[in-house]
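Chemist: The following comprises the amino acid sequence and a computationally predicted model.
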Amino acid sequence: MIWKLKPKAPEEFIRQFPEYSPLVLQLLWDRGLKTQAAIDEFFNPDYEQDLHDPFLMLGMKEAVERINKAIERQEKIIIFGDYDADGVCGTVILKTILEALGANFGGVEIPDRKNEGYGLNFEVVKKIAAEGAKLIITVDCGITDIEEILLASSLGLEVIVVDHHEVGKNLPKPGIIIDSLQKGDKYPFKELAGAGVAFKLTQALIQDLRAKNKKLGINDGWEKWLLDLVALATVADCMPLIGENRTLVRYGLIVLAQTQRVGLQELMKIARLNPTFEIEGLKTNLDTYSLGFVLAPRLNVAGRIDHANLAYQLLIAKDRQEAQIMAQKINDYNRLRQKTTDEIVAEIEQRIKQYPKDKNYSVIVEADKNWSPGLIGLVAGKIADRYHRPTFIFNQKGNFSRGSARSIKNFNLVEAIGECADLLIEFGGHPSAAGLELENKNLELFRQRINEVALAKLSQEDFLPSLEIDGELEPDQINWELFDNLVRFEPFGQGNSQPLFLVKNLEIVNVRFVGSNLQHLKLELKSDKMKGKIFKAIGFRLADGNGKLKAGDKVDIVFELIVDEWNGNRDLQMRIIDLKQRQ
């Protein structure tokens, strides 16, 4: 593992803000927060001030006008949502506002991940037209559905695309597009989740009707109760927690702690989350881990194992007993998902061991008809992390292979896949995560071509796992003052990861291996610079490879600073990310 200290913030920047410690300023600089306004927004998220005017988005005015017209004429509106947590949450958000405004809401269509795949398809467009709908609103999809939207138009359907994915060379026409990544869009924040864009459409609808002095039947601030879904979707979709997203997630966590959705209440209960809320200071014990590693995988698993309608029904549930049954089912699916994913990963690792020694694959490409299409994205992520290679995992069905890809730093998937577009049926996504489909006969040629692209774009260093470290600390800097400063940077997530620090030349006083399989490493450490001070450290799943450590050894440690709470006591603890024994 290569350790890389981030470049130091310029002295001029440090001098500009004397009210902050140099360490805090280094962390701000690392996150691109270089002005007073950006720093104030980051440290003091304000719902009323930080959210941008939704009408700055290209297409928003036209979308609001078309939806209002549909409501006035009582035209049937159908929402077509994606099957992941982002799409399902965005779908519930739009359903909620349409019903609140008295729309003729005709229901929701969410595709079957295994049988229909991502985005609109011809059959569902025909079905919606046959049911007499006049307007389709897509959520978290649609930006690449050019042919499907042409069909919709020919059948008398209008389509509003609410999306946040990368825009291709051509936009769907006719149709109204809301996607801040489209050319000419002036919305200042480009990193909203799909549900975040749906929330902006909700804001715009309310704002427009209030401007026209029309009765809404909803109270001021009503839309804030949707922020639990916005926060959940934003973290689930790995969107950066800076700018507007930071504000949405911070307030969304507070709403989630008091959520009125019985489905979320029951899901948190079965996942052993016990939310607390303190009105003074607007504090909750829920955090981005609760969203990204507890709730989001459970919402996503519905579409991976069964059908995303299960997650949708859970989020709109009114009956507690029904919600309990659905939450239990989702929890059971999550256990199955974990087991099956591990089995597929193990199978791929066996294949990788058989790769010819004379071929150093820059990209891992594997396919199988027995791998669940709902799990290949998770598998791709795990393989990419373990081997530090861009990874493409395909499910094969008949003559076609449908795949999910996950990337590494400096390899933009959308651009790279685009160089192989002549081999593909379709593709789309983000720079770090994408989906694609091709004919089986083109799979081997795609493997060759994408490896050639990677070799041209990446250096050997790009294939080496690395840790970017925010700063090197002296032992006396590891204290409660540091921890209190770090709390100000929460919530952590993409674009605002929990800071990593390096401390050198600590001596091991005691070493233990703990956990049910003795897989965790627990250390007590001391420094020559702080006589009598013992530092506690825990390295989860780090026992393997560190079995020869003993008292008296000197080590350098990269760590996150955390709090260990036990029996009412609170101690600072280093969560070891990596360590190196000094010679």
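Modeler: Right, received. Where do you want to start? Numbering: from 1, shown residues only.

Chemist: Pull out the buried positions in the host helix or strand of L443.
Modeler: For L443, the host element (DSSP states H and E) is helix 443-457. Within helix 443-457, the residues that count as buried by 16 or more other C-beta atoms under 10 Å are L443, F446, R447, R449, I450, N451, V453, A454, K457. Using the backbone N, CA and C atoms, a C-beta is placed for each residue, glycine as well.

Chemist: Throw these into JSON lines and include pLDDT, thanks.
Modeler: Putting the buried residues of helix 443-457 into JSON lines (pLDDT from 0 to 100) gives the following:
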{"residue": "L443", "pLDDT": "96"}
{"residue": "F446", "pLDDT": "96"}
{"residue": "R447", "pLDDT": "94"}
{"residue": "R449", "pLDDT": "95"}
{"residue": "I450", "pLDDT": "96"}
{"residue": "N451", "pLDDT": "94"}
{"residue": "V453", "pLDDT": "95"}
{"residue": "A454", "pLDDT": "94"}
{"residue": "K457", "pLDDT": "92"}
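
Chemist: per-domain residue ranges of this structure.
Modeler: Per automatic domain parsing, the domain ranges recorded for the chain read 2-6+467-581, 54-311, 355-463.

Chemist: Comparing those domains, which comes out most buried?
Modeler: Each of those was scored by mean neighbour count; the highest is domain 54-311, a mean of 20, by mean count of other C-beta atoms under 10 Å.

Chemist: To what extent is the closest residue to P22 other than its chain neighbours buried, counted in neighbours?
Modeler: Excluding the flanking residues, the one nearest P22 by C-beta to C-beta, 6 or more residues apart in numbering is I14, at 5.5 Å. Using other C-beta atoms under 10 Å as the criterion, I14 is surrounded by 16 other residues.

Chemist: before we move on, the earlier item: pipe the domains of the chain into a markdown table and attach distance to F43 per row.
Modeler: Listed next are these as a markdown table, based on distance: least, C-beta to C-beta, whole Å:
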| stretch | distance to F43 |
| --- | --- |
| domain 2-6+467-581 | 6 |
| domain 54-311 | 10 |
| domain 355-463 | 28 |
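
Chemist: does V92 count as helix, strand or coil?
Modeler: Three-state assignment for V92 (DSSP: H, G, I helix; E, B strand; the rest coil): helix.

Chemist: The residue nearest to P22 reaches L25, doesn't it?
Modeler: Yes - using C-beta atoms under 8 Å, I14 is in contact with L25, at 5.4 Å.

Chemist: Give me the packing partners of the strand or helix carrying L264, helices and strands only.
Modeler: Element membership for L264, per DSSP H and E: helix 262-270. Identification of packing neighbours for helix 262-270 by 3 or more C-beta pairs under 8 Å, 6 or more residues apart in numbering; DSSP states H and E yields helix 309-316, helix 320-353.

Chemist: Return the distance of the shortest one from the chain's centre.
Modeler: It refers to helix 309-316. On the basis of C-alpha atoms, centre = their mean, to the nearest Å, helix 309-316 sits 20 Å off its chain's mean C-alpha point.

Chemist: Between helix 320-353 and that helix, find me the angle.
Modeler: With axes from the mean of the first three to the mean of the last three C-alpha atoms, to 10 degrees applied, the angle from helix 309-316 to helix 320-353 works out at 140 degrees.

Chemist: Can I get helix 309-316 in PDB, CA atoms only?
Modeler: What follows is helix 309-316, C-alpha atoms only, in PDB (Å, rounded to 0.1, in the frame of the first residue of the first chain):
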ATOM      1  CA  ASN A 309     -41.500  -2.800  -5.900                       C
ATOM      2  CA  LEU A 310     -40.900  -4.400  -2.500                       C
ATOM      3  CA  ALA A 311     -38.800  -1.400  -1.400                       C
ATOM      4  CA  TYR A 312     -41.200   1.000  -2.900                       C
ATOM      5  CA  GLN A 313     -44.200  -0.500  -1.100                       C
ATOM      6  CA  LEU A 314     -42.200  -0.500   2.200                       C
ATOM      7  CA  LEU A 315     -41.500   3.300   1.800                       C
ATOM      8  CA  ILE A 316     -45.200   4.100   1.100                       C
END
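
Chemist: and that helix, what's its mean pLDDT?
Modeler: When pLDDT is averaged over helix 309-316, the result is 97.

Chemist: what comes into contact with that helix?
Modeler: Where contact means C-beta atoms under 8 Å, 6 or more residues apart in numbering, the residues beyond helix 309-316 that reach it are 81, 85, 88-89, 91-92, 95, 108, 110, 229, 261, 263-264, 266-267, 299-300, 302-303, 323, 326-327, 329-330.

Chemist: I538 - that's part of a strand, no?
Modeler: Yes - counting by three-state DSSP, I538 is found in a strand.

Chemist: Report the contact partners of it.
Modeler: I538 makes contacts with H520, L521, K522, L523, D564, Q573, M574, R575, I576, as judged by C-beta under 8 Å, 6+ apart.

Chemist: 7 Å instead?
Modeler: Neighbouring residues of I538 by C-beta atoms under 7 Å, 6 or more residues apart in numbering: H520, K522, Q573, R575, I576.

Chemist: Nearest the geometric middle of the protein, what residue?
Modeler: C238 (1.8 Å; C-alpha atoms, centre = their mean).

Chemist: Compute the number of surrounding residues for R15.
Modeler: By other C-beta under 10 Å, the residues close to R15 number 9.

Chemist: Need the three-state assignment for it.
Modeler: Secondary structure assignment for R15 (three-state DSSP): helix.

Chemist: per-residue confidence at it?
Modeler: 95.

Chemist: how close does it get to L25?
Modeler: With distances taken as C-beta to C-beta, to the nearest Å, R15 is found 10 Å from L25.

Chemist: can you confirm L33 is in a helix?
Modeler: No - assessed with three-state DSSP, L33 is coil; it does not lie in a helix.

Chemist: can you tell me which residues contact it?
Modeler: Listed by C-beta under 7 Å, 6+ apart, the contact set of L33 reads I39, F42.

Chemist: how far away is it from I14?
Modeler: L33 is 13 Å from I14, by C-beta to C-beta.

Chemist: rewinding a little: put together a markdown table for the buried residues of helix 443-457, with distance to A367 on each row.
Modeler: Formatted as a markdown table, the buried residues of helix 443-457 follow (distance: C-beta to C-beta, whole Å):
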| residue | distance to A367 |
| --- | --- |
| L443 | 6 |
| F446 | 10 |
| R447 | 9 |
| R449 | 15 |
| I450 | 13 |
| N451 | 15 |
| V453 | 18 |
| A454 | 18 |
| K457 | 23 |
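
Chemist: Just name the closest of the residues you listed to K6, please.
Modeler: K457 (23.3 Å; C-beta to C-beta).

Chemist: In this structure that closest one contacts N412, no?
Modeler: No - in this structure, K457 is not within contact of N412 by C-beta atoms under 7 Å, at 8.2 Å.

Chemist: Which secondary structure element is home to V558?
Modeler: Assigned by DSSP H and E, V558 belongs to strand 554-566.

Chemist: could you check the angle strand 554-566 makes with the following helix or strand past that strand?
Modeler: As assigned by DSSP H and E, the chain's next helix or strand after strand 554-566 is strand 569-581. Strand 569-581 runs at 160 degrees relative to strand 554-566, counting by the same axes, to 10 degrees.

Chemist: where do the strands sit along the stretch 351-500 of the chain?
Modeler: Assigned by DSSP state E, counting those that start in this stretch, the stretch 351-500 of the chain shows strands spanning 364-368, 391-397, 400-406, 424-429, 433-439, 466-469, 471-472.

Chemist: Return the mean pLDDT over the fourth one, rounded to an integer.
Modeler: Right, the one you point to is strand 424-429. Taken as a whole, strand 424-429 carries a mean pLDDT of 88.

Chemist: in its sheet, what does it sit against?
Modeler: The pairing partners recorded for strand 424-429 under DSSP bridges are strand 433-439 (antiparallel).

Chemist: D208 and G102, how far apart?
Modeler: Going from D208 to G102 by C-beta to C-beta gives 15 Å.
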